[in-house]
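J.: This is a predicted model, with the sequence first.
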Amino acid sequence: QVQVVESGGGLVQPGGSLILSCRVSGFTLDYYAIAWFRQAPGKAREAVSCINLDDDSTYYTDSGAGRFTLSRALDKNTVYLLMSSLKPEDTATYYCAADGAAKSSSWWTEALKYDYWGQGTQVAVSS
């Protein structure tokens with residue numbers, strides 16, 4: 001059984017940084033894709049970043065490009081999303097998603113392409 005567990009959310013001031021972690025267990029495949037999505041109150045879920053664990057190719061949406069960095073642990077079961085220069089509009093519940101197929105730059109942002117999801121971790125950016 002695949003499990004996806006996020007951690008690291010919290011309250012941070014504008015301009016601050018936060019690291020979110022996502023650990024995936026139970027996957028029978030050696031390589032797969034892990035992505036972060038977020039959903040702010042009253043808004044649709046949106047993609048943030050994705051990493052393909054076979055070649056470490058990484059994608060970002062405009063909302064996080066230049067401010068967010070996605071990396072993985074050596075065991076490839078844990079990824080870290082470093083979020084810097086945080087803004088109030090980054091306030092959302094952040095969800096980690098995993099799937100057994102690598103994602104391309106064309107459609108990694110589609111939530112339906114991911115089979116496994118975590119429960120989410122809340123990030124609040126406020127002074």
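T.: Nice, thanks for sending it over.
J.: Spell out, range by range, the strands that occur in the chain.
T.: Using DSSP state E, the strands of the chain run over residues 3-7, 10-12, 18-25, 33-39, 46-52, 58-60, 68-72, 78-83, 92-99, 116-117, 121-125.
J.: of those, which approaches residue 106 most closely?
T.: Among the strands of the chain, strand 58-60 comes nearest to residue 106, with 9.9 Å by CB to CB. All C-beta atoms are positioned from the backbone trio N, CA, C, and that covers glycine.
J.: Show me which residues of that closest one are buried.
T.: Across strand 58-60, burial judged by 16 or more other CB atoms under 10 Å covers 59, 60.
J.: so who does residue 28 touch?
T.: Listed by CB atoms under 8 Å, 6 or more residues apart in numbering, the contact set of residue 28 is empty.
J.: any idea how far residue 64 is from it?
T.: Residue 28 sits at a distance of 30 Å from residue 64 (criterion: CB to CB, to the nearest Å).
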